[in-house]
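Student: below are the sequence and a predicted model for it; my questions follow.
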Amino acid sequence: MTSTGATDGTNWLAEASRDPAACRHAWRRSGAGLMMLPAGRRWDVLTVPGTLGLTALAVLSRAAARPGPVLADRGSENVGFLVPPGTGARLLGTGLRVAGEGTWIVVPRPGVRGRGLRWLVAPDGSGRLNAPVPLELALHEAAAELAADGRAGSVRPGRRPGVGHPDHTADDL
């Protein structure tokens, strides 16, 4: 990623905060390059188990359109897809978690490499997010691929329209 792309992605992420200028300033001063930002304003974050998320990202990457921003934690145990606000309420399943309105997430500054949280696909400043329908299809295809390989475990993405609060998973229902 170019430094301009990292700057554009940083500016775009900072716009989710209540004070974008203060957010950018704090981010520059942060040695770790991490910032807490509110979810649900510009995006929600759909977090899935790592193997499912990495496989779904590979499925999305094979598709015609470039995936939107995607995060992973240390060891890729969890993968988070930035999706349009409200999307998570419609994409529920075992092992899926959603950070939406009223929640905060920690995000790394684009272009900064750390040992923990990192961007698999960094935001480029365009505002592009992961589209709900292609992401849901990619999660189902990924689950099928993992099941065929015997690596599915308890991961079962599912759709439960209109059920639950965005902070709940199907396990809560």
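Tutor: Alright, I've got the coordinates. Keep in mind that what you see is a predicted model, and the values were worked out from it rather than measured.
Student: surely Thr47 is in a strand?
Tutor: Yes: residue state for Thr47 (DSSP: H, G, I helix; E, B strand; the rest coil) corresponds to a strand.
Student: that one is in contact with Gly80, isn't it?
Tutor: Yes: using Cβ atoms under 8 Å, Thr47 is in contact with Gly80, at 4.4 Å. From N, CA and C alone the C-beta is placed, and that goes for glycine too.
Student: what sits in contact with each of the two?
Tutor: Common contacts of Thr47 and Gly80 (Cβ atoms under 8 Å, 6 or more residues apart in numbering): Gly53, Ala99.
Student: okay, now the unreliable bits of this protein?
Tutor: In the predicted model of the chain, residues 1-6, 64, 91-95, 114, 151-173 satisfy pLDDT under 70.
Student: what ranges do the helices span in it?
Tutor: Counting by DSSP state H, the chain has helices at residues 3-14, 20-29, 50-62, 132-148.
Student: just name the most buried of those helices.
Tutor: The highest mean neighbour count among these, using mean count of other Cβ atoms under 10 Å, belongs to helix 50-62: a mean of 20.
Student: now do that one: everything it contacts.
Tutor: 47-48, 67, 70, 72, 75-81, 95, 120-121, 130, 134-135, 137-139, 141-143, 145-146, 151, 153, 155, 157.
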